[in-house]
Every structure is written in structure tokens, then in C-alpha cells.
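**Student:** Predicted model and sequence follow; I will ask about them next.
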Amino acid sequence: MNDPAYLDWAATAPLRAEAAAAMADAAARLGSGEWANPSSVHGPGRAARRALNAARDRIAAFFRVPADSLIFTSGGTEALALALNGAEAGARLVGATEHPAVLEAAADAIRIPVDGAGRVLLPAIPEGALVAIQHANNETGVVQDMAAIAAAVHGAGARLLADCVQSAGKLPVPPADFVAVSAHKMGGPMGVGALIVRCKTDFHPVQKGGGQEQGWRGGTENLIGILGWAAAIGAWDAGFPARAAALQALLEREALALGARVNAADAGRLPTISNLHLPGVPASTQLMQLDMAGIAVSQGSACSSGTLKASPVLAAMGLGEAAGQSLRVSIGWSTTEADVRRFLAAWGPLARRANAA
């Protein structure tokens with residue numbers, strides 16, 4: 001088998017070399033006693049605190065938000081749960097195509113429907129509500145009009161939570177009251193994320209403890225992971241979305257020629273995610289053949305317990321049987337045209353057999 005072709009960047013991005021180097025350096029400093037717990041008041045503790053604050057400043061500057069608005073968490077899931085459970089709200093409304101981290105954390109919330117392209121159809125919003133909308137969908141790449149949504153939400157006297165785990169770095173942070181981001185989608189390590197809180201009025205901590213993160217999230221900060229995230233952000237390539245758009249155009253043009261359909265083709269989408277429907281061929285069959293060819297793609301969210309269930313996102317869009325016959329192909333900064341053509345070469349025979357049936 002040739003080297004694997006990794007086309008599952010929406011699940012996680014490979015760890016950047018800069019992040020790995022920063023984490024190794026931090027581990028060495030902690031191991032030698034040069035640094036200690038950032039909450040300790042002695043010299044090694046203060047040194048660790050300075051490193052933590054510098055990383056916070058760097059990450060906040062990247063997102064163009066105040067440093068004190070950033071609350072570090074264990075990842076995007078905790079950041080979303082912190083907003084959903086920490087913000088006082090008379091009602092909670094969540095998009096029907098949200099990530100499981102939102103749907104499970106707010107199981108009793110009002111579901112906001114979407115159209116056939118995955119765009120949210122905002123209902124009347126109760127005053128004092130919390131509305132959770134994913135900036136860019138992790139399965140289809142559909143980008144919501146967050147400026148219009150924020151205007152409607154704020155005009156109703158409600159607050160907006162934006163899940164920006166997929167969009168971070170690819171799109172500007174939207175004008176939401178709460179913004180969830182995660183390191184591992186940006187070349188940082190797993191197990192690190194943050195909630196950006198623009199106003200902490202009527203907001204309270206969920207995980208209480210020793211007063212870390214200015215009392216907003218208890219538990220010793222993951223210093224090594226945070227420094228890795230800051231280093232990954234420092235190495236961020238702002239030009240890669242344009243390169244991704246060219247690869248996405250190639251992929252989708254060739255897939256359409258093979259008889260596939262592109263789910264949510266009419267919506268604005270990230271250039272890094274394509275959701276391809278091959279009529280008549282179960283996604284599990286497609287995945288097995290591609291995996292045997294050394295090509296890593298997925299059926300949908302990697303956070304659905306590793307299952308091969310039909311996509312609830314596509315089902316919420318009213319796509320019927322397509323929900324069980326679609327794959328997500330997602331690319332990143334090191335994806336090449338050769339990777340895309342290798343996918344097409346392995347996937348093509350399936351498509352041709354389906355067309356001949």
C-alpha cells in the first residue's frame with residue numbers, strides 16, 4: 001500500500017511541527033523544575049504564568065478579541081457546554097444541524113430547522129434566549145450568515161453562541177456573544193480549546209475549582225497544550241483557503257462527472273469540506289474500499305462514537321436516502337492535487353459500477 005492519503009481534516013488536523021516543538025520545550029521546562037503550576041506564587045510558578053499569559057495574548061490577537069475574554073477549556077465540546085450551561089437563558093434554541101456537542105448538551109432545546117441546503121431558518125426568538133448556531137457545518141461545510149443571524153438575535157434581546165470549531169482561522173470570528181474554538185482543528189494538540197465570552201454578565205462557571213481562568217473554569221490549565229496551540233497559530237498559513245478552493249473545485253468537478261452529487265452545492269461553503277453523495281452505494285461500502293486503498297475520509301462527524309449511522313445532518317436537511325450514501329472529503333494546508341486524484345482513482349470504480357447498475 002502507498003502512504004496514506006489523509007482527507008479527513010474536518011475530524012482533526014495533523015499536529016504542526018511548530019506545535020510539537022513548543023510542547024516538547026514546555027515539557028522539558030516543566031520536567032526540569034524551571035516551570036511549575038501556573039497558579040503557584042513561587043518563581044517557577046510565576047515563570048509558567050508568564051508563558052501562559054503570553055500564549056493567551058497570542059491566541060486572542062489571532063482571533064482579534066481581548067485576552068481576558070478567552071477562557072481555556074479541554075476542547076470545543078467543553079467550550080460549548082460551558083456557554084450552554086453557564087449563560088442564563090429563558091429558552092435555548094439550537095440549529096437542527098449542530099454538532100453532537102451542542103445537540104447532546106442541549107437535548108431539551110428548541111430545534112431551529114434548516115432548508116435543503118442546510119441554511120438555518122430562524123423562527124421568532126424569545127427575549128432572553130440563548131441561540132446556538134454553527135458558523136460552518138462540520139459535515140457539509142455550509143457557512144451560515146452569522147452577521148444577519150447576530151442582528152436578528154440581538155434585535156430580539158437574546159444572545160448568540162457561535163460554534164467556530166470548523167471555521168476558526170478560515171473565516172473571521174463572527175459577532176456572537178460566545179464563540180467556541182478548538183486547537184486540534186488548527187494544527188494544535190487535542191484536548192485544548194477556548195470559549196470567547198464578550199460579556200460575562202448573567203454568565204457563571206460550570207466547572208468550579210481552584211479559581212483558575214479568573215474563576216470561570218476550575219482546573220489547572222493545560223499549559224503544554226496551550227503553548228502548542230499558540231505555536232500552531234503562529235505558523236498559520238492564511239493563504240491555504242485559496243489553495244483549498246482550487247482543490248475543492250477539482251474534486252467536485254470530477255466527482256460530478258462520475259455521477260455523484262454534491263450535498264449543499266447551492267450554499268456558501270468552506271473550501272475545505274465536500275460532502276459527496278453517490279446514489280445507490282452505501283457510505284459504509286465506499287468507506288471500506290477507500291480505507292483498503294489507504295485513503296482516509298469519513299461519513300460525518302468523528303464525534304458520533306465512531307459509528308456508521310446515516311448522517312443526522314443530511315437527514316435534517318431532508319436529503320432522505322442520501323444521508324446513508326454520502327461521504328465527507330475534507331482537506332487542509334498540506335493536501336495536494338495528488339491526494340485528490342488518488343481519492344478519485346479509488347472512488348471512481350465504485351461510481352462507474354453504480355452508474356452501470
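**Tutor:** Perfect, I can see it now. This is a predicted model, so every value here is computed, not measured.

**Student:** contacts, neighbours, all on C-alpha from now
**Tutor:** OK.

**Student:** what about the helices in the stretch 201-350 of the chain?
**Tutor:** In chain order, the stretch 201-350 of the chain shows helices spanning 223-234, 240-257, 283-292, 312-316, 337-356, with DSSP state H, counting those that start in this stretch as the criterion.

**Student:** Could I get the ones you listed in JSON lines, plus columns for mean pLDDT and distance to Ala21?
**Tutor:** Putting these into JSON lines (pLDDT from 0 to 100; distance: least, Cα to Cα, whole Å) gives the following:
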{"stretch": "helix 223-234", "mean pLDDT": "98", "distance to Ala21": "8"}
{"stretch": "helix 240-257", "mean pLDDT": "96", "distance to Ala21": "22"}
{"stretch": "helix 283-292", "mean pLDDT": "95", "distance to Ala21": "31"}
{"stretch": "helix 312-316", "mean pLDDT": "95", "distance to Ala21": "37"}
{"stretch": "helix 337-356", "mean pLDDT": "92", "distance to Ala21": "27"}
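
**Student:** With mean neighbour count and distance to Ala13 added, can I get those helices in TSV?
**Tutor:** Formatted as TSV, the helices of the stretch 201-350 of the chain follow (neighbours: other Cα atoms under 10 Å; distance: least, Cα to Cα, whole Å):
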stretch	mean neighbour count	distance to Ala13
helix 223-234	25	11
helix 240-257	17	13
helix 283-292	17	18
helix 312-316	21	22
helix 337-356	16	15
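
**Student:** Between those helices, which one is closest to Ile196.
**Tutor:** Each of those has some distance to Ile196 by Cα to Cα; the shortest is helix 223-234, at 14.8 Å.

**Student:** and that closest one, C-alpha only, in CSV?
**Tutor:** In CSV, the C-alpha atoms belonging to helix 223-234 read as follows (Å, rounded to 0.1, in the frame of the first residue of the first chain):
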residue,chain,number,x,y,z
LEU,A,223,0.0,24.6,29.8
ILE,A,224,1.8,22.3,27.4
GLY,A,225,-1.3,22.1,25.1
ILE,A,226,-2.0,25.8,25.2
LEU,A,227,1.6,26.6,24.3
GLY,A,228,1.3,24.1,21.4
TRP,A,229,-1.9,25.8,20.2
ALA,A,230,-0.2,29.2,20.3
ALA,A,231,2.7,27.9,18.3
ALA,A,232,0.3,26.4,15.7
ILE,A,233,-1.4,29.7,15.4
GLY,A,234,1.9,31.4,14.9
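
**Student:** Name the residues that touch it?
**Tutor:** The contact list for helix 223-234, computed with Cα atoms under 8 Å, 6 or more residues apart in numbering, reads 16, 18-23, 26-27, 38, 48, 51-52, 55-56, 58-59, 62, 183-184, 186-192.

**Student:** In helices, which of those fall?
**Tutor:** Cross-referencing those against helices under DSSP state H gives 18-23, 26-27, 48, 51-52, 55-56, 58-59, 62.

**Student:** Max pairwise distance over those: which two?
**Tutor:** Spatial extent of the ones in helices among the contacts of helix 223-234 (Cα to Cα) is set by the pair Ala27 and Phe62 at 24.2 Å.

**Student:** Poorly predicted segments of this structure, please.
**Tutor:** By pLDDT under 70, the low-scoring segments of the chain are 1-2, 301-308, 357.

**Student:** Where do the domain boundaries of it fall?
**Tutor:** The domain map for the chain lists 5-13+238-356, 17-234, with the assignment taken from automatic domain parsing.

**Student:** Okay, now the longest one: how far is its last residue from its first?
**Tutor:** According to Cα to Cα, to the nearest Å, domain 17-234 extends 11 Å from its N-terminal end residue to its C-terminal end residue.

**Student:** Centre of the chain to it, how far?
**Tutor:** Centroid displacement of domain 17-234 relative to its chain, using Cα atoms, centre = their mean, to the nearest Å, is 10 Å.

**Student:** The shortest one too?
**Tutor:** Domain 5-13+238-356 has its average C-alpha position 17 Å from the chain's average C-alpha position, going by Cα atoms, centre = their mean.

**Student:** Nice, that's everything, thank you.
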